[in-house]
Structures are given as C-alpha cells and as structure tokens.
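Peer 1: Attaching a predicted model along with its sequence, questions to come.
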Amino acid sequence: MARPFDVTSVEAKWQARWLDEGTYEVDNDDVRERYYVLCMYPYPSGAAHQGHVRNYTMGDLVVRYQTMLGKAVLSPIGFDSFGLPAENAAIKAGSHPRLFTEARMQELSSSLRRLGAVYDWRREVFSHDPEYMRWSQTFFLALLKAGLAYRAEAPVNWCPGCLTVLANEQVLADGTCERSGDLVIRKDLEQWFFKITDYADELLDDLNGLDWPERVKTMQRNWIGRSEGVEFDLPLADDPSRALRIFTTRPDTGFGVTYAVIAPEHPLLAHLTTDEQRDQVHELVERAKSESELERTASSEAGPGLEKRGAFTGSFVLNPFTNEKVPVYVADYVLGSYGTGAIMAVPAEDERDYAFATVYELPIVRTIQPPADFEGGAYAGDGVHINSGFLDGLDVVAGKKKATEYLEREANGVATVNYRLRDWLVSRQRFWGCPIPIVYCEKDGIVPVPLDQLPVLAPDDVAMDESGQSPLATHDEFRHTTCPRCGEPAVRETDTMDTFTDSSWYFLRFADPFTPDKAFDPAQAAKWMPVDQYIGGVEHAILHLLYARFYLKALIDLGIASGLPREPFARLFTQGMLRIDGAKMSKSKGNQIAPEKYYETVGADGLRLFHLFAGPPADDVDWSEQTEEIIEGCGRFLDRLYRLSEYAEVNFHDAADESDLQVRRAVHRAVATVTGCFDRWMYNIAVAEVMSVFNTVSKQARSEHGIQRATLDEAIDLMLTLLAPMAPHVSAELWERRHPGATSLHHQNWPVADSALTVTDTLTMIVQINGKVRARIEVDPGLSEDEAQRLALADQSVIRALGDAPIKRVIAKPPRMVNIII
RNA sequence: GCCCGGAUGGCGGAAUCGGCAGACGCGGAGGCCUCAAAAGCCUUUACUCGAAAGGGUGUGUGGGUUCAAGUCCCACUCCGGGCACCA
C-alpha cells in the first residue's frame, strides 16, 4: 500500500523518543493526582501475538489518556518468567531455561515497544531475577512463620503431562489439566500449602466493593462456595455413645431423613460395616480409591450407573428429630474432603438423595409442601413444612432457625460455615520455578533457610528429564546441605513454588522497586495502590485474581505491606479473546496471526486502530478474511488524515461563515463524545466518532466553497489530540509538523469541548402519524408543546398525509417529536 | 440441569431516557482521474412495490404493555461462556 509517509521510520522515531526522553517514567513523589494502570504480568512466550496487541493497545490507551488528563500515571511492565513452557523447551533443546526465557523476554519487550506501548522501564521486574526470588522466598517464610504455610500429606492432583502436582484451581471441571489437557490423577503426597481458606470470608465479602465485571465476581463467589449450615450428631443405633457427625444446610428437613451416607474415605466406615456387608463395601471403596476424580464425578447423572456407586453398611443411626432408625450407606457421591464427610439424606428435598433413594428403594418423606403444579422428584424450593412435628407450618427460613436451635440443644449441633475453597497447594516438582527455602533436618525437622542466606538459587547444572521427580532432587550438591540450626547434615526441599506465587505480588514491586533491602516500602507502595485499572484476560478470573487478593491481605497482616488497601485491583477490565474459525487463537493451537506484517503495511497505529475499532473491547473478535480489509481500512484512514493535515486539495475562504460554524460544532461534539467513550471503554465508538467527524471536516475542506483556515486548523489539532492515545505515532508526527518546536502532542492537555458549540441551535423534530414518521422539521430546541403541535400540523407533507381524517389525539414531546393519532 | 451473556443489512458492528433503526468501517455498484492499471477522489448501497412521486415491510420466534418497543414484561428457539454430586 502506497502511503503518504514512511510509517516505519515515523514510528521508530517516536518510539525512540518516548524511551530516550523517559516520557512515561514517573517518580513516587510526583505531586499530581495518581493513576496506576496495569496489564496482567505476561508470560514471556516470545514476540507479541495479536492477543497481546489487543491487550496492550488498550492498556496503552489508558496510560496516554490519563496522562493527558494531567495525572501522574504509573505504567510498569515485567515478565512472569518462571514456568513450564521454558523448562519443556529447554529439555527438548538441551539448553537452560534461563537462556530460553531471557531471549523470549527480549523479544516480547521489543515487540511491545514496536507496538508503541509505553512504560516506565526502570521498574521492570521478572520472576527469575535473584533479587525478586529473594523476596518471593522471604514471603514464603513469613507465611510459614505466621502459620499460613504448612506441609501436609494429602490426596493431590498429579498431571502426568506436566509431571507435577497442580492446585485445585488448575484442574478443569472434567478432571483435566488446564495447561496440558491431560487427565489428572490422584496421588497421596506430602506437599506445601498456603492457608487461603483462612481468608475465605474476607475474599468473599470484599468482592462487593470491587468495580469488576459481575461475571468475574460471580465466578469467584462460586469458587469460594460459602455455605451456611449446621453440624450435628446422628447417634449410632447400636451404640448411642458414639455418633456419626454430619453437615447439612437444610436442618429444617430433618424429619425427612430416611438414610445417611458416608464417604468411602470416612474413618468410621470400617467400624460401621457389618460382616455381611463387608465384601460389598470393600469393593466400592477399592473402586473409589482407584478411580480418578474424573471418573468418580463424571457419572453425575442419576440413574443406571448409580446402583454401583453405593452400598449399605449394615448399620443404622438414629434420626434426632424422629428417634427412628435409618440405614447408613456408603456412596462415592459424598466427598471425604468436604464438611464432615457424611450427610443426612433427604430424598424429598434433595435431587442427589432422591436419585439415590429411587435406585436403592429407600423411603421418601416430604417435609416441604411443593406447589400444586410441581412435577418432579425432589423439591428444593421454599414452602410450608409438613410431616415435621414442631416445624409444621413454618417456611424454610424459620424452619432452619428452629431446627438449628433444636439440634444445638439435643444433638451437639453447631451452626457451621463450610467452603468449597481448599487451601492452595504451592509445591511443584519442576526445576524452572522459585525454590522453596526449606531444609529438612533429622533433629530439627522443618527448618527455614535464614533470611540472610536468601535467595536459595538452583544450580545451573541440573539434569532435567521427564521422570516426574523434582529435578533439584537429583542434584546432590544442592540437595545435601547442613542444618542452619544444628549444623548437622540435612537435605533441602527440592520442590519449587507455583508460579502463581510470583504473580501474586509483582504489582507491589512495581510500585516501589527503588527502596534498598526491601521488596517494597509499604509507604511508597501505598502512594500507588490499589491498581486503578487492571487489564487482562477473563481466563484469570479465578486463579491469579484470587491468589493475588489473598497474598496482599496476608502480606498486610504479616506487617510486610502495612497501610496498604486490602484489595489490589480496584477496577478490572477483561478484554475479549481472539478467535479464528471459532477456535481461540493461541500458540498451542498454532493458529496465530503474527502482527509483524501489519507493522510494514499499516503500521502499529493502523493495527492499534483496528483492534480498538473491531468491536466492543469486552467482546471476542473473530479473525476472518474481512479482517485484513478492515485493517487496510484503518491504515487508509490514517493516510487520509495525513493528507488533510498537510492541506492536500483543500480550498480556503477568508471569513468564517455558517459552514465553519457547523464544522466547529461537529468537532466539539466529537471531543465530548470521544471523552465519554474513553471513560466507558467504548473504544470502537471513539474510533468511529473520529472517523465520522473527519468525514465532515474533509468534505467541507475539499468542497468548492472551502473552509476557513482557522476552522480547519482547530479541527485537525483537535482530531490529532483525540487520536493521541489511539494512534500515538502518526498523531505525534503530524502535530510536530504542524507545530515545529512546540511541546509535543502527548504532553498536551486533554481537550474540553466548548459547551457553547456542543449545544445546537436547531434540532430536527420528527412528526409521526400513528407512530410512523411522516415529516422532519428544523426547530428551536426550546420550543413549547403548543408550538411543536402547531408547526407539525402546519407542515405540508403532514397535511397531505393526514388528508381529511379526524385527529383523535396529539402527543407532543418537543423538541424531539410530535405524534398525531388519527 | 442451574447461572450469566448474546441474537440488528451481504459482513464487523452503532442506537444515554422507550421517541428518525442501520452511525462508523468492510464489501458491492456507478462515476472522475489515467494511454491503461494501481492509488486517490466523488456518488450510491436494509429489503420490497413503483418509470417517478410516493408507498409497504423490517432488529431470532410468539404474545403483551404503550400514543410510540431493537430498548420494558411474559413464554420460547438458537448461539457463546461459567458452574455442575460441595450436602
């Protein structure tokens, strides 16, 4: 495409200038109003792809716009540089993940600069920087000291593809690994955990105050899964001194309990199982053990498979409401890890229990009166209690309250809250991560590495293979050490930390990477925190965003981040993803469209404009054949702007007239519209508005009548200013050509529309007859109802359309419309 | 199954409050420029009847509220996403 200017050199010139002049460097003691813009910590996978382009274009727009609004804007960048892809690539290539990663970091940095995205590069951080690792490890030890990090043996999710354990959050609903797609298997291993569950309530409650997409907040609420209920005892029928403890959220349905169920892992199972039932129970337990989490949870539909999924234990417990004996079953639909691992079953009001009861022919007793038209099995809705003794006649809420009081009195009941959220498993059996700074000593047990010996760094000559063992464990020199406490021989922890620990505090380091001997000075960080605008993909809705929230709260409570707000990200924007042929555009699918070729044709500005223009920023974008042409169109628009700015084919007239006034009105309305769009993430409309006003200006300037020089200059200058955050290179270049020696465009103040020009002096009023538009009349915006009606009825085309039909009614809503009903 | 989104021309998408549906762009058609082409510029473009003037229809489907519905209410269809034995 032939362009009126050399895109590549213009863009290079401005990128160099922003970098060399430190245009977007900002100091912590800046006196202007502060604004912190952050795009999610990128994994350095090489040159930026279209997803990055889209993400960082929007981030950059916010940075430049907020700066022009006169704020001190913190715009940092860094790299989430630990992680599996680098390690796997290094295994393949026989090299070291550091070399691989650092090369990718260089590529990503330079392609972000090539896009025109601007940062305070002095604040750059990356996870494998020893100085960064030092603080990651310090925080681990602080959490340990506070009891928020602990080691425990637990059934964990092992991914055979990634050769490591995963956090619950990394396992998808179908039991596969979110990264590799392999089926996750269960292993019992001793691992390190962070006690995120201590913060469950706060993590839940604080969501209410966040300006985040409702969808993301809902996902977090579901993940935390708080449920209020009561724990109480079901005494064993044979031995009432012992009891089965259960948790329920529906104590009010207690009169409808017709059996109880315990999990296959339940410690009382052996005791409860009678000799006659032993074989059957044993078979079920063995199968539950061998089955993966997927197989165990996949057959969730009630029905045929169900009869294999439970067994009678042979024992009975007493229903504390009715004192009747009810049988105890073991079934894999009850989980050992939630609540007490045992439940009371109320088939009439719980679907799962209903399905089970139907298969095993257990009695079903309604305790809530369903609506007359209710068809189906279990009724979980509200209603009046029946068959429920002292609860009869109460609704669900009142019934729960009274039943809980009863259980507290009669059955060791305790009102309890349970969470779906589990503690965060942070151990990873991989090399390319931050080592856990722990030493195991026969005498002293678990010993933290002293702070002055941090960071614990992995040696470079570690053999990485696919054995599934932690690579560091094979390195004898690293592994064998001495106990920091007693000096006797000891061994190091050889697992590394989940890389989500790295991304859980990087935003704090960005706020103050300057204070020596501290990860950050809380007083300095407090100047910027919380992040005013966080931008990233919705795929991090649970994992990263939940962990980072937990980390900040914990660091504050540990005294490391005193005085900081307890939520890291005040406002979150999640942009849509790019799709191609219906599939997500991603490196793993190999269906990416590289941005580079567009830099040569339409430039970074043209590509940025496309990503802004393509559709609502929150929506997904489909990359199609048409996309190429739209990108070309964005480039063409910039070319037209360039030519107009250079007065190509423009006719001037001397004195301003009505046509100049109309142009000025359009331009000032555009200023108001674009500003409103920027404040509401409507970038596609902002681009359209600039294009639209450009058409108006250009048409007038190219007309025979022409335009006044001052009118055109004002219009072009304002259009360039509006484009400065969107297409920063061309706009800056044209500004400089128009105003040699003046302050550059990105240092200009954001324009304010002249309100005298945005208020129009005439409006088009529509006249409808029976709701159909029959005429348009130019009117004064302040006209009265009577005037509007009079004007409407006097209009020739209205008179013609009315004919001699009698007018029944006239609705006048000046100055917008008049509707005549005949 | 449950919970959220969404459905508007040939296409991507506009439409603060219920008040001109289709802004802006892509594509298409026609023209100017040119020896010719590319680029650029201009005009036009929801569908439909009509030579025109002018009319009719139209925002997934079916109802409803209203002077007036893309927008509000009810039912449904399809698409996308999230959750899915958490008691």
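Peer 2: That came through fine. Numbers count the residues shown, from 1 in each chain, chains lettered A, B, ... in the order given.
Peer 1: make it CA atoms for all contacts and neighbour counts henceforth
Peer 2: Fine.
Peer 1: Helix or strand for the residue in the stretch 501-650 of chain A positioned nearest to RNA strand B, just tell me which one.
Peer 2: Among the residues of the stretch 501-650 of chain A, A:Gly633 lies nearest to RNA strand B; the distance is 3.5 Å by CA to the nearest atom of the strand. Assigning secondary structure by DSSP states H and E places A:Gly633 in helix A:625-645.
Peer 1: That helix - contacts with which helices or strands?
Peer 2: Helices and strands touching helix A:625-645, by 3 or more CA pairs under 8 Å, 6 or more residues apart in numbering; DSSP states H and E, are helix A:603-613, helix A:683-702, helix A:728-738.
Peer 1: I'd like to know which of the ones you listed lies nearest to A:Ser645.
Peer 2: Among the helices and strands packed on helix A:625-645, helix A:728-738 comes nearest to A:Ser645, with 7.0 Å by CA to CA.
Peer 1: Could I get the contacting residues of A:Leu268?
Peer 2: With contact taken as CA atoms under 8 Å, 6 or more residues apart in numbering, A:Leu268 is in contact with A:Leu244.
Peer 1: Phi and psi next, for it.
Peer 2: A:Leu268 has phi and psi values of phi -80, psi 0 when expressed as degrees, to the nearest 10.
Peer 1: do A:Pro616 as well
Peer 2: phi -60, psi 130.
Peer 1: Tell me, what's the model's pLDDT at it?
Peer 2: Here, the pLDDT recorded for A:Pro616 equals 93.
Peer 1: check contacts around it.
Peer 2: Contacts of A:Pro616 by CA under 8 Å, 6+ apart are A:681-684.
Peer 1: Show me what the spatially closest residue to A:Leu457 that is not a sequence neighbour is bridged to.
Peer 2: Spatial nearest neighbour of A:Leu457, chain neighbours left out: A:Pro435 (6.8 Å); criterion: CA to CA, 6 or more residues apart in numbering. Beta-bridge pairing of A:Pro435 under DSSP bridges involves A:Thr496.
Peer 1: Please report how far A:Pro435 lies from A:Leu472.
Peer 2: 9 Å (CA to CA, to the nearest Å).
Peer 1: Look up the residues that both of the two are in contact with.
Peer 2: A:458, A:494-495.
Peer 1: Export those as JSON lines, with columns for distance to A:Ala753.
Peer 2: Formatted as JSON lines, the shared contacts of A:Pro435 and A:Leu472 follow (distance: CA to CA, whole Å):
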{"residue": "A:Ala458", "distance to A:Ala753": "59"}
{"residue": "A:Thr494", "distance to A:Ala753": "62"}
{"residue": "A:Asp495", "distance to A:Ala753": "59"}
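Peer 1: Mind picking the one among the residues you listed that's closest to RNA strand B?
Peer 2: Closest to RNA strand B, out of all of the shared contacts of A:Pro435 and A:Leu472 and judged by CA to the nearest atom of the strand, is A:Asp495, at 26.0 Å.
Peer 1: count of residues packed around the closest one?
Peer 2: 26 (other CA atoms under 10 Å).
Peer 1: so what's it up against?
Peer 2: A:427-431, A:435-436, A:470, A:472-473.
Peer 1: Find the residue closest to it in space, skipping its chain neighbours.
Peer 2: In this structure, A:Asp495 finds its nearest non-sequential neighbour in A:Gln429, 5.0 Å apart by CA to CA, 6+ apart.
Peer 1: now do A:Pro565
Peer 2: Per CA to CA, 6+ apart, closest to A:Pro565 is A:Pro530, 6.4 Å.
Peer 1: From A:Leu546, how far out is that neighbour?
Peer 2: Distance, A:Pro530 to A:Leu546, using CA to CA: 15 Å.
Peer 1: more neighbours, these two?
Peer 2: A:Pro530 (23 against 19).
Peer 1: Tell me the secondary structure at the residue in the stretch 301-450 of chain A positioned nearest to RNA strand B.
Peer 2: Here the residue of the stretch 301-450 of chain A nearest RNA strand B is A:Val334; by CA to the nearest atom of the strand that distance is 3.4 Å. For A:Val334, the secondary structure call by DSSP: H, G, I helix; E, B strand; the rest coil comes out as coil.
Peer 1: and it, how many neighbours?
Peer 2: That count, for A:Val334 with other CA under 10 Å as the rule, works out to 21.
Peer 1: what's stretch A:560-569 in contact with?
Peer 2: So stretch A:560-569 is contacted by A:206, A:210, A:521-523, A:525-526, A:529-534, A:548-549, A:552-553, A:555-556 (CA under 8 Å, 6+ apart).
Peer 1: where do the helices sit along the stretch 701-822 of chain A?
Peer 2: Shown for the stretch 701-822 of chain A, the helices assigned by DSSP state H, counting those that start in this stretch span residues A:709-723, A:728-738, A:755-758, A:785-794, A:796-802.
Peer 1: and the residue nearest to A:Asp495, how many residues sit next to it?
Peer 2: For A:Gln429, the neighbour count with other CA under 10 Å is 23.
Peer 1: hang on, the earlier thing: residues touching the residue nearest to A:Pro565, list them.
Peer 2: Listed by CA under 8 Å, 6+ apart, the contact set of A:Pro530 reads A:36, A:564-565, A:567-570.
Peer 1: quick revisit: now the angle between helix A:709-723 and the helix holding A:Gly633, please.
Peer 2: Interaxial angle, helix A:625-645 versus helix A:709-723 (axes from the mean of the first three to the mean of the last three CA atoms, to 10 degrees): 140 degrees.
Peer 1: Buried residues in helix A:625-645, which are they?
Peer 2: A:630-645 (16 or more other CA atoms under 10 Å).
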